[in-house]
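> Any chance you could fold what I've pasted below:
(2 chains)
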Amino acid sequence: MAEVDVDGTEVTVSEHEPSTTTSEKPAPAADVEVRIAAAPAHLSVVRAVAADLAMRADFTLDAISDLKMAVDEACSELISRAVADADLVCRFTVEDEQIHFSAEAPTGSAVPPSRESFGWRVLTALTDAVSTWVVPGGDGSQVLRFDLVKKRADVVGL
Amino acid sequence: MTQSSERATNDYEHLDPLLAELAELPADDPRRTELRDRLVTEFLPVAQHIARRFGQRGEPHDDLVQVATVGLISAIDRFDPTRGSDFLSFAVPTIMGEVRRHFRDTSWSVRVPRRLKELHLAITSATNELSQHLGRAPTPSELAKHLGISKDEVYEGLEASNAYRSSSLDELLVGTDKSVSLGDALGDEDPELMSVENREALQPLLQQLPERERTIILLRFFGNLTQTQIADRIGISQMHVSRLLARTLVELRKGLLSE
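Residues are numbered from 1 along each chain as shown, chains lettered A, B, ... in the order given. Alright, predicted model coming up:
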């Protein structure tokens, strides 16, 4: 289910993985993968990696800051929904005009975060595309995943 | 560069009776507000003068004037004419203390080499300049070209800004009198913003935010302005907007989770 936000952001929210890939297949190769214990104390590591990658990819300062905050928001959501002692896995892929970020953590709930929440509003405002869904993990467990894309520069001056 | 104290005293002598009157009025007297407003307005040049003396140190001038004005207001509130000293000899140290505290609180929280501080300042002012010119925030390579330095140096300077802290300035302004409200510096708000805000469950949390933080949140997330556009509108730097946004989001998240 895809829709277009007021500001033209393509927003996708689904309770199922949008692509045909299943969680059995390996995720597409990422440039950088960061694995942290799902605890707020380690958020700064992911934020710093996001900011450094965007800076070196020559994003505008606004886009760098937006990506940093979006990553923070997505990871905070994952951490708050993660089961005890879980790991949070973050992958960054730097492409020509954008950075693709995905993160996942095992969760106890099959319901993805609400589209009505303020957190979702923040994510859609900060990114160019965002989606979140729950996939079945091994042993009947569930994995919550966030995917987001941030472009190099904001389109300004409509 | 300093005015002689005699001259400064004479300039404001006519306000002495008002100061005495204010000090005598009971706290709940309705005339207090009017009198206080008048005194703040009349003494404003003193605060502006002190703010100018602290200029050229990398803090935006408007921020300094605001901090100095906060100092002036607290001096007016605390001044006791029965103690025999004149107002200015009490107010000037009070205002300077407030500005110094601003510098102490907003300066580097981690020891950063002088070269990096200067680099950070250069990047901040280049960012402002280029944003005006480009109509959007610059990229690191545009900053490097503008400043005639390498991209690696720009990276270093941007990373150094992580050690710069400016939160206390905002704490100082929380709960202060309406007369220094940052809202005065803002342009018109889209009335739609308020209706969006009303629809959201987080309205009570937004209401608790200081006016500037609330405005920044609304403009960024409900008005879809970029940080650079917000910085321009409010009159602070893009980096400052970035810091305020990041910090306010953390606050809101905490509030939403605790509900």
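
> Do I have it right that B:Glu156 meets B:His120?
No: with contact defined as C-beta atoms under 8 Å, B:Glu156 does not reach B:His120; the gap is 9.3 Å. In short, each C-beta sits where N, CA and C put it, glycine included.

> If you count residues, where's the longest helix of chain B?
helix B:31-53 (DSSP state H).

> ugh, typo on my part, it should be chain A
Longest helix in chain A, counting by DSSP H: helix A:61-81.

> list the helices and strands it packs on?
Packing partners of helix A:61-81 (3 or more C-beta pairs under 8 Å, 6 or more residues apart in numbering or on different chains; DSSP states H and E): helix A:43-56, strand A:87-94, strand A:98-107, helix A:118-126, strand A:129-136, strand A:142-151, helix B:227-234, helix B:238-257.

> any chance of the ones you listed in a markdown table, plus distance to B:Asn128, mean neighbour count and mean pLDDT?
Shown next, in a markdown table, are the helices and strands packed on helix A:61-81 (distance: least, C-beta to C-beta, whole Å; neighbours: other C-beta atoms under 10 Å in any protein chain shown; pLDDT from 0 to 100):
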| stretch | distance to B:Asn128 | mean neighbour count | mean pLDDT |
| --- | --- | --- | --- |
| helix A:43-56 | 19 | 19 | 93 |
| strand A:87-94 | 28 | 19 | 96 |
| strand A:98-107 | 26 | 23 | 96 |
| helix A:118-126 | 22 | 22 | 89 |
| strand A:129-136 | 30 | 20 | 92 |
| strand A:142-151 | 23 | 22 | 95 |
| helix B:227-234 | 8 | 24 | 88 |
| helix B:238-257 | 8 | 19 | 84 |
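
> Take those and write them to JSON lines, including distance to B:Gly148.
Output for the helices and strands packed on helix A:61-81, formatted as JSON lines (distance: least, C-beta to C-beta, whole Å):
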{"stretch": "helix A:43-56", "distance to B:Gly148": "19"}
{"stretch": "strand A:87-94", "distance to B:Gly148": "27"}
{"stretch": "strand A:98-107", "distance to B:Gly148": "28"}
{"stretch": "helix A:118-126", "distance to B:Gly148": "32"}
{"stretch": "strand A:129-136", "distance to B:Gly148": "37"}
{"stretch": "strand A:142-151", "distance to B:Gly148": "28"}
{"stretch": "helix B:227-234", "distance to B:Gly148": "23"}
{"stretch": "helix B:238-257", "distance to B:Gly148": "21"}
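
> and the end-to-end length of stretch B:45-64?
Taking C-alpha to C-alpha, to the nearest Å, stretch B:45-64 runs 13 Å from one end to the other.

> Would you state the helices of chain B in chain order?
Under DSSP H, chain B gives helices at B:5-12, B:16-24, B:31-53, B:61-78, B:87-106, B:114-134, B:140-147, B:151-160, B:167-173, B:191-199, B:203-208, B:211-217, B:227-234, B:238-257.

> Low-confidence stretches in the stretch 101-250 of chain B?
For the stretch 101-250 of chain B, applying pLDDT under 70 flags the ranges B:104-112, B:162-201.

> Write out the residues of chain A neighbouring chain B.
A:6-7, A:52, A:55-56, A:58-63, A:65-66, A:68-69, A:72-73, A:76, A:80, A:118-119, A:121-122, A:125, A:152-154, A:156-157 (C-beta under 8 Å from any C-beta of the partner chain).

> So which of the helices of chain B is the most surrounded?
Stretch with highest mean neighbour count among the helices of chain B: helix B:227-234 (a mean of 24; mean count of other C-beta atoms under 10 Å in any protein chain shown).

> So which other helices or strands are in contact with it?
So helix B:227-234, by 3+ C-beta pairs under 8 Å, 6+ apart, packs with helix A:61-81, helix B:114-134, helix B:211-217, helix B:238-257.

> Could you report the distance from the closest residue to B:Ala122 other than its chain neighbours to B:Ser131?
Using C-beta to C-beta, 6 or more residues apart in numbering or on different chains and skipping the chain neighbours, the partner closest in space to B:Ala122 is B:Leu147 (5.8 Å). Distance from B:Leu147 to B:Ser131, counting by C-beta to C-beta, to the nearest Å: 14 Å.

> Identify the residues contacting B:Gln208.
Contacts for B:Gln208 were tallied using C-beta atoms under 8 Å, 6 or more residues apart in numbering or on different chains; they are B:Gly255.

> what do you get for B:Glu142?
Contact partners of B:Glu142, counting by C-beta under 8 Å, 6+ apart, are B:Leu130, B:Leu134.

> near chain A, which residues of the stretch 151-259 of chain B?
Residues of the stretch 151-259 of chain B lying near chain A by C-beta under 8 Å from any C-beta: B:155, B:158-159, B:200-202, B:220-222, B:224, B:226-229, B:238-239, B:242, B:245-246, B:249, B:252-253, B:256-257.
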